[in-house]
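Novice: take a look and give me a structure for this.
(chains A and B)
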Number of protein chains: 2
Amino acid sequence: MFKVPEHQVAGHQAINGLLGPLVDDSGRFYKPLQGDERGATEMAFYTSFSAHKTIPQHVRRFFPAFHGTQSIEASDGSGLHPHLILEDLTSTRLHPCVMDIKIGSRTWYPEASQAYIEKCLKKDVESSSPFLGFRISGLQVYGNDKESSEVVLKPERKLLQNLTADEVRLVLKRFVSSNPKSDQPDCSFAAVVYGGSNGILAQLLELKAWFEDQTIYHFNSCSVLMLYEKEKTKMVNGGEESLGCAAVKLIDFAHVTEGNGVIDHNFLGGLCSLIKFISEILTGPDENSPKSCLQDGAAE
Amino acid sequence: MFKVPEHQVAGHQAINGLLGPLVDDSGRFYKPLQGDERGATEMAFYTSFSAHKTIPQHVRRFFPAFHGTQSIEASDGSGLHPHLILEDLTSTRLHPCVMDIKIGSRTWYPEASQAYIEKCLKKDVESSSPFLGFRISGLQVYGNDKESSEVVLKPERKLLQNLTADEVRLVLKRFVSSNPKSDQPDCSFAAVVYGGSNGILAQLLELKAWFEDQTIYHFNSCSVLMLYEKEKTKMVNGGEESLGCAAVKLIDFAHVTEGNGVIDHNFLGGLCSLIKFISEILTGPDENSPKSCLQDGAAE
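Specialist: Predicted coordinates for the structure are as follows:
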C-alpha cells in the first residue's frame, strides 16, 4: 500500500533502508515525525495553521493539506512510527517538473540552541544563501517528445550546494526549457510556467504580499516547491491537465517559530530575491549590465 | 570653522579627543576616511553612486550629497586627515528629532574576512537584528512648548542594544509623541510624521520599491535616518519650515558591496519589517493579537 515517493527532489528519502516519507494511492504523503523537537514543531505548526482563522483561503492553497497523524510501518523497517498525513502534492501529476528552493539567507533563528545555530551557520556560509537569499536544494526536469516520460535533468545535491548568481539563473532557465541539459537553454516554457496570470511569478507575488503583512509565523528553513507539467497530459486521477499547471507550494515546517508581531523578513527577503531572478527570465535580462561598479570609479 | 555635529545620535563622535565627523557653517559634514578598507569602500561607493546614470532622482534624494574629499585638521588632534565632504543633513533644521536605525538582520556579508564575520555575528546575535531585521542605534527627541529647545529623550546606546519587538514599538511611538518619556506615549505627531503622502512611511515605501529592483549595491550595515521637526520653526538658513518636514536618509556606506545582479534581500527584508512596525502605529495595532500560536494548539 505504501511506496516511496517518485518525485521527491530533496530531503530525507526512504531508500537504502533509511527513514523517509511514503505515499499511498489515495493522494496522501506520510512524513515520519522526527523524534526530537523538529517533529513536535512541525506537528504544532500544521495543527496551528489548520485552526488559524485569520489565514485567508488564497494563502492556504500554498500549503499541503493536513490530515492528522497515523502510526505506520516505517520505511527503515524499525516498526510502527508516527507519521504526519499530508497531501501528496504530485499525486495528480504524471510527469511533474519540480524544484525545491530553501528560502532565506539564514536557516538558523535566535531561539535555536547554540549548537544548532553553529551547525546552520556553517552550512549557510558554504551555500549560496547569504548572498542570494535562497538556495536550490533539488530539481527534476522531464524531457520532451520521445523523452517526455523520462527525467532528463536531476542534478546531485552536491552540484547545487554553492551556486553563483549566474549558475542559479542558468538552472532556473533550464527548468523551463525544452533543452534542459544545454548551456544555452531556450526557455520555451518560461512564458507559460513562470508568466501569466496564474503562473509561478504571479503566485510568488501573492505569497510575497502575505509575507509583507503576516506576523504569526517565521518560516525558518522552509522550502518553496515549484511544479509544472511540460505536456498536456491525462491526470492520474482522471480528467485532463492543461500544459503548465504551474503551482507554488511551501513545505518543511520543522523549524517554524512564532512571529510575535514581527514579519518574517528573512523569508520575505529571500522570496523577493527569487522573484527578481524569475522576473528577469521573463523580461530578458540586460546581458550588458555592469559587472563591477565599485572598482576604479567605473560606473556606467 | 569646524565644529562637532550637534545632532549626531550614533556612530563615532568627535568628542574626548577621539576621531569623529565635523561640520562647518555652510552645511557640510566632514567624515574622517577610515584608514583601512572601510574608508576605501565608502569613498568608492560615493564616487560610484554619484556617477551612476541609472539611479533615479527620486532615489538620490535619500542619500547625502557628496562633494569629494578634503584633508582637514582631525578632531583627535592628530593633524591633517582626509575627510569625505558630505551634506550635513541637519544643517537646515533647528530642533530635529532624529532616529538612526541599522537595517538588516545581519551586518556581515559573504565577501568579508573571517575575523570580521565573526565579530559581526557576535554583535548581531546579541542585538535585536536577527529577530527584527533591524536595530535602533540611537535617537533624540525634543520636548514641546517650554521644552521645545531641549532634547528630552536621548537614550544611551547600551539601553537600545537588545530591544524586544514591544520595546521597539514603544521607542517608535515615543519618537512621535508629545510625551516622549512616558510609557503611554500619545503618538500625537504620528499622523503628520509617519503618515501622509510625504511622510516617513511613504518615503520608506518608495525606498522599498527601489530595493525590490536594484541589484547594483548591497548596503551591508547601513542605517536609515529618520528626521522631523516638532514645531513650525524658522529654518537656520532663512525661510520657514513647516511642522513635520519628515525625511528619510540612508547613511554609512563603509561596508557596501557589489550586488552583482542580486537584490539586497538583507536590507529589503529589514526595511519591510520596519515598515510594518510604522504602519501599525498609524493604523493602531491589535492589542489583542495572540501572544502564542504554536503552543497547546491554541490558535484563535
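Novice: going forward, measure contacts between C-alpha atoms and count neighbours the same way
Specialist: Noted.
Novice: chain A: strands as residue ranges?
Specialist: Ranges of strands within chain A are A:22-23, A:28-32, A:66-73, A:80-87, A:96-103, A:134-142, A:151-153, A:217-219, A:223-229, A:233-234, A:240-241, A:244-251, A:256-258, based on DSSP state E.
Novice: switch those over to JSON lines; also include mean neighbour count.
Specialist: Putting the strands of chain A into JSON lines (neighbours: other CA atoms under 10 Å in any protein chain shown) gives the following:
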{"stretch": "strand A:22-23", "mean neighbour count": "23"}
{"stretch": "strand A:28-32", "mean neighbour count": "25"}
{"stretch": "strand A:66-73", "mean neighbour count": "15"}
{"stretch": "strand A:80-87", "mean neighbour count": "20"}
{"stretch": "strand A:96-103", "mean neighbour count": "26"}
{"stretch": "strand A:134-142", "mean neighbour count": "26"}
{"stretch": "strand A:151-153", "mean neighbour count": "16"}
{"stretch": "strand A:217-219", "mean neighbour count": "24"}
{"stretch": "strand A:223-229", "mean neighbour count": "24"}
{"stretch": "strand A:233-234", "mean neighbour count": "14"}
{"stretch": "strand A:240-241", "mean neighbour count": "14"}
{"stretch": "strand A:244-251", "mean neighbour count": "21"}
{"stretch": "strand A:256-258", "mean neighbour count": "21"}
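Novice: make JSON lines out of those and add mean pLDDT and distance to residue A:208.
Specialist: As requested, the strands of chain A are arranged in JSON lines below (pLDDT from 0 to 100; distance: least, CA to CA, whole Å):
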{"stretch": "strand A:22-23", "mean pLDDT": "94", "distance to residue A:208": "30"}
{"stretch": "strand A:28-32", "mean pLDDT": "95", "distance to residue A:208": "27"}
{"stretch": "strand A:66-73", "mean pLDDT": "95", "distance to residue A:208": "23"}
{"stretch": "strand A:80-87", "mean pLDDT": "95", "distance to residue A:208": "23"}
{"stretch": "strand A:96-103", "mean pLDDT": "96", "distance to residue A:208": "12"}
{"stretch": "strand A:134-142", "mean pLDDT": "96", "distance to residue A:208": "15"}
{"stretch": "strand A:151-153", "mean pLDDT": "94", "distance to residue A:208": "29"}
{"stretch": "strand A:217-219", "mean pLDDT": "97", "distance to residue A:208": "13"}
{"stretch": "strand A:223-229", "mean pLDDT": "96", "distance to residue A:208": "12"}
{"stretch": "strand A:233-234", "mean pLDDT": "52", "distance to residue A:208": "30"}
{"stretch": "strand A:240-241", "mean pLDDT": "52", "distance to residue A:208": "27"}
{"stretch": "strand A:244-251", "mean pLDDT": "91", "distance to residue A:208": "12"}
{"stretch": "strand A:256-258", "mean pLDDT": "96", "distance to residue A:208": "17"}
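Novice: as CSV, these with distance to chain B would be great.
Specialist: Output for the strands of chain A, formatted as CSV (distance: least, CA to the nearest CA, whole Å):
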stretch, distance to chain B
strand A:22-23, 26
strand A:28-32, 19
strand A:66-73, 13
strand A:80-87, 16
strand A:96-103, 11
strand A:134-142, 10
strand A:151-153, 25
strand A:217-219, 8
strand A:223-229, 16
strand A:233-234, 36
strand A:240-241, 34
strand A:244-251, 17
strand A:256-258, 7
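Novice: which residues of chain A fall in helices?
Specialist: Here chain A has its helices, by DSSP state H, at A:37-51, A:57-60, A:114-126, A:129-132, A:157-160, A:165-174, A:190-193, A:200-211, A:265-283.
Novice: packing partners for the first one?
Specialist: What it means is helix A:37-51. strand A:256-258 (3 or more CA pairs under 8 Å, 6 or more residues apart in numbering or on different chains; DSSP states H and E).
Novice: list the strands paired with the strand it packs on, with their directions.
Specialist: Sheet pairing of strand A:256-258 (DSSP bridges) gives strand A:217-219 (antiparallel).
Novice: grab the nearest non-local neighbour of residue A:105.
Specialist: residue A:133 (4.0 Å; CA to CA, 6 or more residues apart in numbering or on different chains).
Novice: so the one you found versus residue A:101, what's the distance?
Specialist: From residue A:133 across to residue A:101, the span is 10 Å (CA to CA, to the nearest Å).
Novice: comparing the helices of chain A, which comes out most buried?
Specialist: helix A:129-132 (a mean of 25; mean count of other CA atoms under 10 Å in any protein chain shown).
Novice: that one and chain B in contact?
Specialist: Yes: counting by CA under 8 Å from any CA of the partner chain, chain B has neighbours in helix A:129-132: A:130-132.
Novice: so what touches that helix?
Specialist: Applying CA atoms under 8 Å, 6 or more residues apart in numbering or on different chains, the external contacts of helix A:129-132 come out as A:103-106, A:124, A:135, A:165, A:270, A:273, B:109-110, B:262-263, B:265.
Novice: so among these, where is pLDDT lowest?
Specialist: The lowest pLDDT within the contacts of helix A:129-132 belongs to residue B:110, with 85.
Novice: next one: phi and psi at that residue?
Specialist: When read as degrees, to the nearest 10, the backbone of residue B:110 gives phi -60, psi -30.
Novice: can you get me a residue count around it?
Specialist: When neighbours are defined as other CA atoms under 10 Å in any protein chain shown, residue B:110 has 14 of them.
Novice: for it, which residues are in contact?
Specialist: Neighbour list for residue B:110: A:125, A:130-131, B:117 [criterion: CA under 8 Å, 6+ apart].
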